[in-house]
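J.: Sequence below, structure please.
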Amino acid sequence: MTIQVNKVDQRVPVQPTADETESHKNYHQQELPFNLWETSEGLHLWFALPQLNGEDLDLNIEDRNLNLSIKHGSTHYIRTVALSTRVDTDQINASEDRGLLKVRLPWKIQEKRKVEITSL
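T.: Next up is the predicted model:
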């Protein structure tokens with residue numbers, strides 16, 4: 001199953017409001033550990049999510065942040081990872097297989113260009 005990565009154009013708060021926190025006692029911000037490593041092609045980010053399936057996951061990009069939201073029963077987990085400006089946010093892709101969410105964050109291709117020098 002492939003997880004669609006959505007780009008978010010408008011600001012949506014990642015942290016719940018005081019009322020939401022009070023009404024959602026099962027909200028957890030930091031309980032989604034992940035592995036992150038760099039290769040020459042970009043970054044790789046893996047989340048271990050046992051007992052979850054693709055319908056429970058929402059992955060989006062907003063203001064150079066990668067936001068992962070998971071709803072499992074009455075529990076709601078959110079994890080935000082700040083992205084380097086080197087990451088090509090248009091090429092990010094993700095897949096989920098048997099509880100392992102794999103997110104590939106490729107580097108932007110830096111093309112050399114000649115700068116013209118003019119005389120004054």
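J.: give me the beta-bridge partners of the residue nearest to Leu105 when sequence neighbours are not counted?
T.: What sits nearest to Leu105 in space, not counting adjacent residues and going by C-beta to C-beta, 6 or more residues apart in numbering, is Leu43, at 4.1 Å. C-beta here means a position set from N, CA and C on the backbone, and glycine is covered the same way. With DSSP bridges as the criterion, Leu43 is bridged to Glu38, Leu105.
J.: okay, Leu43: pLDDT?
T.: Listed pLDDT for Leu43 reads 92.
J.: Please name the residues that touch it.
T.: 36-37, 84, 87, 104-105 (C-beta atoms under 8 Å, 6 or more residues apart in numbering).
J.: Output those in a markdown table, with neighbour count appended to each entry.
T.: Output for the contacts of Leu43, formatted as a markdown table (neighbours: other C-beta atoms under 10 Å):
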| residue | neighbour count |
| --- | --- |
| Leu36 | 11 |
| Trp37 | 8 |
| Ser84 | 12 |
| Val87 | 18 |
| Arg104 | 17 |
| Leu105 | 25 |
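J.: can you give me the helices for the chain?
T.: Taking DSSP state H to define them, one finds helices in the chain at 18-23.
J.: where does it dip in pLDDT?
T.: Filtered on pLDDT under 70, the chain yields the residue ranges 1-31, 52-55.
J.: switch the cut-off to 50
T.: Applying pLDDT under 50 to the chain flags the ranges 1-17, 19-30.
J.: And the residue nearest the centre of it?
T.: Central residue of the chain (C-alpha atoms, centre = their mean): Leu66, 2.7 Å from the mean position.
J.: Report the beta-bridge partners for it.
T.: So, taking DSSP bridges as the rule, Leu66 has Ile61, Val81 as bridge partners.
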